[in-house]
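**Q** After the sequence you'll find the predicted model.
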Amino acid sequence: MRYGLQFPPMGEFADPFLLAELARAAEAAGWDGFFSWDAVIPHWPADLLDPTVAVAVIAMQTTRLRCGILVTPLPRRRPWKFARETAALDRLSGGRLVVGVGTGGDPAEFDEVGDEPSARIRGQMLDEGLALLTGLWSGEPYRHEGDRHDGGHYRIGEVTFTPRPVQVPRPPIWVGGQWPNPKPARRAARWDGYHPLDRDNFAFARMMSVELMREAVAFVRAERAALDIAPDAPFDFIHSGITPGGDPAADATIVVPYAEAGVTWWMEQLSPWVFGWSEGDGAWPVEAMRARVEAGPPGKGS
């Protein structure tokens, strides 16, 4: 199992200089990745750093960490603009980018800015956008004619996007979604990773149960088998988790059942809610969050 940190690029973390400091600390402490949330409208009045800029900061301050956004609702982005951004980030990081995508779950992030409110249509847009994204990443001439009468939403005349990403054949694509909704899991099975969240019990400071994770892993593995994908083909299962830090052996006891369930990436939630913060508390508990970063991943030394 590999270990990453997952943070919201808002509040105190909207400061790119603090973010740079934490990225360096994360790499020194032995973490394997540092990943931003995607946000356009915070849940409360707060500073917000564009997540693409946040990933660029991480890429520039580290040499080993995987980095990316978990996850970008691709239906609210222009796929061709996203293709340019991600190709640039992959090159900037020397091929360390992971591209996390989903349909988006917060209605305010769509309704309040005039984006598509229907989850079903956003699912269509995501599938079409991924096809367009990978076509543009190829560095070869590519065109796309989406037919709106047949669920199409995009059109792009023949273009060649260069430079292409460093990673061959492309950066890994992780798909997020609420479990046990089957559609996001089936979508993820066609790509490189699945990041499920508990549909019925979601909270920033709460983990998905081992039992639900085991169900999600089994479902996706069955879908991949039905697609005739080799069982040893690389694929990641990602879990957003919480460990206290400071005692690697004790922390590992929390992580081990998830590893046994099939999780390959543990994403430690570096968010203020995990540390007891609420919206009326003022500044984030940055020092406690920094200490969790410096304590290292829960499997370190175990």
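**A** Thanks, I have the structure now. Residues are numbered from 1 along each chain as shown.
**Q** Distance from the chain centre to the helix ranked longest in the chain, please.
**A** Secondary structure of the chain per DSSP state H: the longest helix is helix 119-137. A distance of 16 Å separates the centroid of the chain from that of helix 119-137, by CA atoms, centre = their mean, to the nearest Å.
**Q** other SSEs contacting that helix?
**A** Counting by 3 or more CB pairs under 8 Å, 6 or more residues apart in numbering; DSSP states H and E, the packing neighbours recorded for helix 119-137 are helix 79-92, strand 97-102, strand 142-145, helix 182-189. Where C-beta positions appear, they are placed from N, C-alpha and C, glycine not excepted.
**Q** try 6 Å
**A** On a contact count with 3 or more CB pairs under 6 Å, 6 or more residues apart in numbering; DSSP states H and E, helix 119-137 meets helix 79-92, strand 142-145.
**Q** That one vs helix 79-92, what angle?
**A** What separates the directions of helix 119-137 and helix 79-92 is an angle of 50 degrees, with axes from the mean of the first three to the mean of the last three CA atoms, to 10 degrees.
**Q** ok, back up a step: show me the one of the helices and strands packed on helix 119-137 that comes nearest residue 281.
**A** Evaluated over those, closeness to residue 281 peaks at helix 79-92, with 33.1 Å, by CB to CB.
**Q** Just want the most central residue of the protein.
**A** residue 70 (1.8 Å; CA atoms, centre = their mean).
**Q** That one belongs to a strand?
**A** Yes: counting by DSSP: H, G, I helix; E, B strand; the rest coil, residue 70 is located in a strand.
**Q** which intervals of the stretch 1-150 of the chain have sub-threshold pLDDT?
**A** 147-150 (pLDDT under 70).
**Q** before we move on, the earlier item: would you tell me which one of the helices and strands packed on helix 119-137 is buried the most?
**A** Neighbour counts (mean count of other CB atoms under 10 Å) averaged over each of the helices and strands packed on helix 119-137 peak at helix 79-92, with a mean of 20.
**Q** Does anything pack onto it? Which helices or strands?
**A** Using 3+ CB pairs under 6 Å, 6+ apart: helix 79-92 touches helix 51-61, strand 97-102, helix 119-137.
**Q** Please save the CA atoms from it in CSV.
**A** Extracted C-alpha coordinates of helix 79-92, given in CSV (Å, rounded to 0.1, in the frame of the first residue of the first chain):
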residue,chain,number,x,y,z
PRO,A,79,-12.0,19.2,-21.7
TRP,A,80,-9.5,20.8,-24.1
LYS,A,81,-8.4,23.3,-21.5
PHE,A,82,-8.1,20.5,-18.9
ALA,A,83,-6.0,18.5,-21.4
ARG,A,84,-3.6,21.4,-21.7
GLU,A,85,-3.4,21.9,-17.9
THR,A,86,-2.9,18.2,-17.1
ALA,A,87,-0.2,17.8,-19.8
ALA,A,88,1.6,20.8,-18.4
LEU,A,89,1.4,19.4,-14.8
ASP,A,90,2.6,16.0,-15.9
ARG,A,91,5.6,17.6,-17.5
LEU,A,92,6.2,19.9,-14.6
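**Q** what angle separates it from strand 97-102?
**A** Going by the same axes, to 10 degrees, helix 79-92 makes 150 degrees with strand 97-102.
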